[in-house]
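Enquirer: turn this into a structure:
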Amino acid sequence: MLSTTRSSAHRASARRLQCLTRSLTTDSTTSHTASTPPLPLSKPETSKPRQSRLYPRPRPAVQHQRQALPTLPASFGRNQVLPVPDSTRALLEDIVGSFEAPIRYAFAYGSGVFEQAGYAKQMDKEDRPMLDFIFAVTHSDHWHSINMQQHPGHYPLHARILGSSFVSKTQELSPGLWFNTFVPMKGVNIKYGVTTVDTLCADLLNWRTLYLAGRMHKPLRIIKDDARVRLTQQVNLTSALRTALLMLPESFTQRELFSAIAGISYSGDPRMVLPAENRGKVENMVSRQEDQFRELYWRLAQGLPGVRWAAGSKSVEQDTSPHARAAHLKKLPEELLKHVHRRAEGRGPPREADESAYWLRIAGDKELPSILDSEITRIVRYPATVQSLKGIVSAGVAKSARYSVAKVTKWWKGTSFSKSS
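Expert: Below you'll find the model as predicted:
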């Protein structure tokens with residue numbers, strides 16, 4: 001009996017111990033689960049980055065702002081700043097300042113700014129020559145969008161309907177300009193062409209079309225200046241001077257030099273074979289603007305080797321030896337040199353054989369002036385023709401007809417003046 005009781009007590013004690021053990025085990029598991037988050041289903045591998053041509057990885061992209069050109073010295077390019085009467089200067093600045101769209105570089109040119117022979121000054125506003133402007137902007141689409149809002153009447157109806165994207169796309173066609181013509185502003189009629197600073201500087205450096213660069217060979221009035229354009233314009237003027245020297249003999253007058261420079265942009269221009277431009281335009285321009293031409297080019301000539309042009313003299317002399325001419329030839333603009341190299345192919349040993357002999361051979365060729373003239377004509381002809389055709393699109397039929405009549409009338413007056421003189 002006693003043994004039976006002890007056995008029952010022992011079994012009861014064993015059951016209580018088993019339940020306590022289960023309880024402790026469950027509490028421990030629950031406490032551990034609550035204190036630590038569950039493990040992920042699969043732990044991501046921490047392998048080394050895959051080696052590639054982009055490893056190590058590039059640094060994060062940083063937005064870089066266009067670095068501005070350092071301020072040019074005050075005296076740099078002072079030959080480009082040509083004086084005009086105060087009344088003319090005020091009018092030009094007033095016109096350019098009236099445009100809300102941002103203009104980085106602007107200049108005025110032509111007979112409305114600088115006097116030309118054959119075109120007498122008219123006091124009547126209706127008879128005044130049209131003022132010509134070129135505006136260089138950063139983003140042409142944005143510029144035309146703003147300008148269309150401010151001056152919708154400057155654009156033909158189809159351009160306003162199609163919008164600024166159409167205008168900028170048309171502008172991009174060689175030589176990269178859009179002209180608005182017969183625009184009345186501040187009591188005068190103006191014509192203004194819009195281009196980009198990039199297009200302008202490319203032509204000034206390389207003469208890809210010579211449309212803008214050629215216009216800037218001649219006197220102009222800068223209204224809004226830009227350091228980058230002023231720098232490239234100085235290169236453009238020096239290139240024009242070198243080209244003219246290669247086309248001239250050992251001695252000549254400054255007027256002959258200026259006529260050679262002014263004639264560069266008219267070579268190949270289709271308007272010169274039509275009754276749209278006075279064939280004596282170059283002579284008319286140089287005869288009345290000789291002082292401005294001298295201001296542009298005299299200081300530049302002092303820095304060129306072999307050129308002798310005294311301060312008070314109108315006579316110029318130059319070294320015409322092959323070595324001296326080769327020094328000018330090597331530094332001509334890229335597009336013109338490309339044409340010259342093409343003409344030189346097959347006329348002697350190639351450039352790779354002996355580069356020094358190659359340059360001396362071309363520089364000593366008596367046909368070099370005619371080669372330069374014909375190749376300049378090739379460069380000018382296509383963009384000048386395209387721009388003439390673009391004028392119908394940018395001005396519209398009515399304004400194009402009016403502009404053509406005005407040019408023919410101007411040509412007739414200039415021709416009559418030349419015959420009478």
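
Enquirer: and T88, how far from I223?
Expert: Noted for T88: a distance of 11 Å to I223, by CB to CB, to the nearest Å. Heads up, the C-betas are built off the backbone N, CA and C, glycines and all.

Enquirer: what's the answer for Q150, then?
Expert: For Q150 relative to I223 (CB to CB), the value is 18 Å.

Enquirer: who's more crowded, the two?
Expert: Taking other CB atoms under 10 Å, Q150 and I223 do not tie; I223 has more neighbours (20 against 11).

Enquirer: then the more buried one would be within a helix, right?
Expert: No. Judged by DSSP: H, G, I helix; E, B strand; the rest coil, I223 forms no part of a helix; its state is strand.

Enquirer: that one touches A106, doesn't it?
Expert: Yes. Applying CB atoms under 8 Å, one finds I223 in contact with A106, separated by 4.4 Å.

Enquirer: before we move on, what SS does the nearest residue to Y382 once chain neighbours are set aside have?
Expert: In space, and not counting its chain neighbours, Y382 is closest to S174: 6.9 Å by CB to CB, 6 or more residues apart in numbering. S174 falls in the coil class when you classify it by three-state DSSP.

Enquirer: in terms of pLDDT, where does S174 sit?
Expert: Looking at S174, its pLDDT reads 93.

Enquirer: which ones are touching it?
Expert: 209, 382-383, 386-387 (CB atoms under 8 Å, 6 or more residues apart in numbering).

Enquirer: go with 10 Å
Expert: For S174, the contacting residues are 199, 208-209, 211, 382-387, 390, by CB atoms under 10 Å, 6 or more residues apart in numbering.

Enquirer: next: V197.
Expert: 104-105, 136-139, 226, 228-229, 232.

Enquirer: give me the subset of those lying in strands.
Expert: Using DSSP state E, the members of those that fall within strands are 105, 136-137.

Enquirer: and stretch 101-110, C-alpha only, in CSV?
Expert: C-alpha atoms of stretch 101-110 as CSV (Å, rounded to 0.1, in the frame of the first residue of the first chain):
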residue,chain,number,x,y,z
ALA,A,101,14.6,88.1,-76.1
PRO,A,102,18.2,87.8,-74.9
ILE,A,103,20.9,88.9,-77.4
ARG,A,104,24.5,88.0,-76.7
TYR,A,105,26.2,89.8,-79.6
ALA,A,106,24.7,92.4,-82.0
PHE,A,107,26.1,94.6,-84.7
ALA,A,108,24.8,96.9,-87.4
TYR,A,109,26.3,97.2,-90.9
GLY,A,110,25.7,98.5,-94.4
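
Enquirer: name the residues of it that are buried.
Expert: For stretch 101-110, the neighbour count (16 or more other CB atoms under 10 Å) marks 101, 103-110 as buried.

Enquirer: what's the answer for stretch 159-169, then?
Expert: 159, 164, 166-168.

Enquirer: quick one: contacts of that stretch?
Expert: With CB under 10 Å, 6+ apart as the criterion, stretch 159-169 contacts 139-149, 152-156, 158, 170-171, 178, 180, 194, 196, 393-396.

Enquirer: mark which of the residues you listed are buried, thanks.
Expert: By 16+ other CB under 10 Å, these give 140-141, 143-145, 147-148, 154-156, 171, 178, 180, 194, 196, 393-396 as buried.

Enquirer: which two among the buried residues of stretch 159-169 are spaced furthest apart?
Expert: Within the buried residues of stretch 159-169, two members stand farthest from each other by CB to CB: A159 and S168, at 10.7 Å.

Enquirer: where does R242 fall, secondary structure wise?
Expert: helix 227-246 (DSSP states H and E).

Enquirer: how deep is L389 tucked in, by neighbour count?
Expert: Neighbourhood size, L389 [other CB under 10 Å]: 10.

Enquirer: go ahead and confirm T320 touches L246.
Expert: Yes. Here T320 reaches L246: they are 9.3 Å apart, a contact under CB atoms under 10 Å.

Enquirer: neighbour count winner among those two?
Expert: L246 (20 against 16).

Enquirer: how much space separates the residue lying closest to that one once chain neighbours are set aside from S239?
Expert: Leaving aside its sequence neighbours, L246 sits nearest to H328 (CB to CB, 6+ apart; 5.5 Å). Computed with CB to CB, the distance linking H328 and S239 is 10 Å.

Enquirer: what's the answer for Y358, then?
Expert: Using CB to CB, Y358 is found at 21 Å from S239.

Enquirer: check P175 too.
Expert: Distance of P175 to S239, given as CB to CB: 17 Å.

Enquirer: residue contacts, L204?
Expert: L204 touches 212-213, 216, 228-229, 231-237, 239, 333, counting by CB under 10 Å, 6+ apart.

Enquirer: I'd like the residues you listed as CSV, with pLDDT appended.
Expert: Listed next are these as CSV, based on pLDDT from 0 to 100:
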residue, pLDDT
L212, 97
A213, 98
M216, 98
R228, 96
V229, 97
L231, 96
T232, 97
Q233, 98
Q234, 97
V235, 97
N236, 98
L237, 98
S239, 98
P333, 97
